[in-house]
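mind looking at a prediction? Sequence and model below.
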There are 2 protein chains.
Amino acid sequence: MAGEFEFIDWIRRRTPAADRVLVGPGDDCAVLAPGRSPLLVTTDMLMDGTDFRLGEVEPRRVGRKAMAVNLSDIAAMAGEPVGAVVAVALPRGRAELAEELYTGLREMADAFDTPIVGGDTNSWDGPLAITVTIFGESAKPVRRNGAQPGDWLFVTGPLGGSILGNHLDFTPRIREARLLADAVDLKAMIDISDGLSQDLHHILTESHCGAELDAAAIPIADAARTLAARTGKSPLEHALGDGEDFELIFAVSAVDGAKLMKDSPVPVWKIGECVVKGYGIVENGVRRRLEPVGWAHSL
Amino acid sequence: MAGEFEFIDWIRRRTPAADRVLVGPGDDCAVLAPGRSPLLVTTDMLMDGTDFRLGEVEPRRVGRKAMAVNLSDIAAMAGEPVGAVVAVALPRGRAELAEELYTGLREMADAFDTPIVGGDTNSWDGPLAITVTIFGESAKPVRRNGAQPGDWLFVTGPLGGSILGNHLDFTPRIREARLLADAVDLKAMIDISDGLSQDLHHILTESHCGAELDAAAIPIADAARTLAARTGKSPLEHALGDGEDFELIFAVSAVDGAKLMKDSPVPVWKIGECVVKGYGIVENGVRRRLEPVGWAHSL
């Protein structure tokens, strides 16, 4: 169908992924050379008023986020991105949004050598909506279901308060995931979109085990402290419950965990361990049950 | 991210494509076994008020169309669908739409053995928007740029008046394209989304040639006649200019064309021939220039 982006010049950049683009935008489908590894596919739609507020943020950052949340899903499986397609519904009369959006989309895709191989641009009487579908590859995709009692749990960065800006400006942990996958056996992994307590719970549910966290070990973002001063909640509550930091949570064996504590290729924080059952957190010597609640996916 | 469809039971159907789904919805990405042929990817977003009117059509037919327009792009390259992902923005408070939409999506995907491997379901204060991204494979993707002077031009079905219903209920020509690709050398192909005169013009532009059509040979849909009685335009004008019939236009050598005229695996209509340059149509012995105008992609 019509409406494809004009990303052809950009695709001509010489990267391993770009070299696989046999046919770019302009035909009915993009065509990519086949790969040898399993194909990863994920899609996310971002909507004005839910994932961003167009009156308050630059469209470039919206485009950036739309690409980044999808890259983050590829990172969560320790994959390498291969390409992306983008579908946009622009509010009628706001065609100028397109260029800024695309700048943001391309900036983020570019940072991870991801060719944008096709798209569908439309205008309508509704608010801005943008869907990115990304595909990648991983010789050994890391799933959510491989954690076991005794495994150590890590995160890749400080958490909480992303609403103050990080939910738009975060860096998807593509590189970190690949380096970690090369260094240790990642038994389960997920990206933090809904919040630490909720996303870790997804791992536990799929892996049929529990976890105990150490409150003092959870890295807390400066933004969580700033936000806490306003909300009356504790910075820890923000670190546990806020979504959209897009750091990774992963489980490794105790042996691999000790190895990372000694010499990790990227910054990681050990936040707790997997147990047979239950879900708790110890703060100042007191254990309490942790509830898998968090981000409700709206601003 | 959260919000994936629960299509897992359905994926368990045993089809060649479904057997390649290593990880379905529920992890951060779907995972598919790698293929040997080039990968085709295409995305289309459908929006309430532009591609359908929710108050006037059943949501099931909207879901059906959202999947079908994407399958049609795979057909246009003579591909086989391998899988699809779906992102939906539901108007807030209309969660009941989801089930009907999904029924339509699955009905159409099912008809072409296409597993729906992932998705993203959201609600918001805007109208219904739905993005389907489909991927497929073709050992030899048919592009738009291979037509040459002397080639014969065919369509796979009668055209015009799709607004009366066919734009929602058409059958994507996946099977027809495969059968034709097995029978002859398809030199260029496109699906009719914008209208015969405009979509054929895409082939001519990409192939750097012209075409002369025979008005009497263009198959005209009954709907084009019905619509013509209301609009005052001729049925032929509707067949040339209306969009969204999603039949295929293709070019083959004169030798292959003669072969199809004698014994085609599927119904085809020869509508004209490629020439060195120019774009015209002969009606009642009079040639006039054909303008590549048509469907403006709105109701």
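Structure received.

for the stretch 101-250 of chain A, what spans make up the strands?
For the stretch 101-250 of chain A, the strands defined by DSSP state E, counting those that start in this stretch cover A:116-124, A:129-137, A:152-155, A:188-191, A:210-214, A:248-252.

which strands and helices sit next to the third one?
It stands for strand A:152-155. strand A:248-252, helix A:254-262, strand A:269-275 (3 or more CB pairs under 8 Å, 6 or more residues apart in numbering or on different chains; DSSP states H and E). For glycine as for every other residue, the C-beta is placed from the backbone atoms N, C-alpha and C.

list the pairing partners of that strand within its sheet, with orientation.
If you go by DSSP bridges, strand A:152-155 pairs up with strand A:248-252 (antiparallel), strand A:269-275 (antiparallel).

helices of the stretch 151-299 of chain A, start to end?
Assigned helices in the stretch 151-299 of chain A, in chain order: A:166-169, A:174-183, A:196-207, A:222-231, A:235-241, A:254-262 (criterion: DSSP state H, counting those that start in this stretch).

which one of those helices lies closest to chain B?
helix A:196-207 (7.7 Å; CB to the nearest CB).

so where is the stretch 1-150 of chain A shaky, pLDDT-wise?
Along the stretch 1-150 of chain A, segments meeting pLDDT under 70 span A:1-14.

go again using 50 as the cut-off
Applying pLDDT under 50 to the stretch 1-150 of chain A picks out residues A:1-11.

highest average neighbour count across the helices and strands packed on strand A:152-155?
Counting by mean count of other CB atoms under 10 Å in any protein chain shown, strand A:248-252 has the highest mean neighbour count of those, with a mean of 28.

pLDDT averaged over it - what is it?
For strand A:248-252, mean pLDDT is 98.

and the angle from that strand to strand A:210-214?
Interaxial angle, strand A:248-252 versus strand A:210-214 (axes from the mean of the first three to the mean of the last three CA atoms, to 10 degrees): 110 degrees.

list of residues touching strand A:248-252?
By CB atoms under 8 Å, 6 or more residues apart in numbering or on different chains, the residues outside strand A:248-252 that reach it are A:75-76, A:142, A:146-148, A:151-156, A:173, A:176-177, A:180, A:184-192, A:196, A:199-200, A:203, A:207, A:260, A:271, A:274.

what distance do you get for the most centrally placed residue in chain A to residue A:37?
Geometric centre of chain A, nearest residue: residue A:72, 2.6 Å, by CA atoms, centre = their mean. Residue A:72 sits at a distance of 19 Å from residue A:37 (criterion: CB to CB, to the nearest Å).

so residue A:194 touches residue A:242, yeah?
No - using CB atoms under 8 Å, residue A:194 is not in contact with residue A:242; the gap is 9.4 Å.

so if I had to pick from the two, which one is more boxed in?
residue A:242 (28 against 25; other CB atoms under 10 Å in any protein chain shown).

what about stretch A:34-51, near chain B?
Yes - figure legend: stretch A:34-51 in contact with chain B (CB under 8 Å from any CB of the partner chain); contacting residues A:34-45, A:47-50.

how about the residues you listed, which pair is most distant?
Within these, two members stand farthest from each other by CB to CB: A:36 and A:49, at 42.3 Å.

and those two? which has more neighbours close in?
Just comparing residue A:36 and residue A:49: by other CB under 10 Å the higher neighbour count belongs to residue A:49, 16 against 8.
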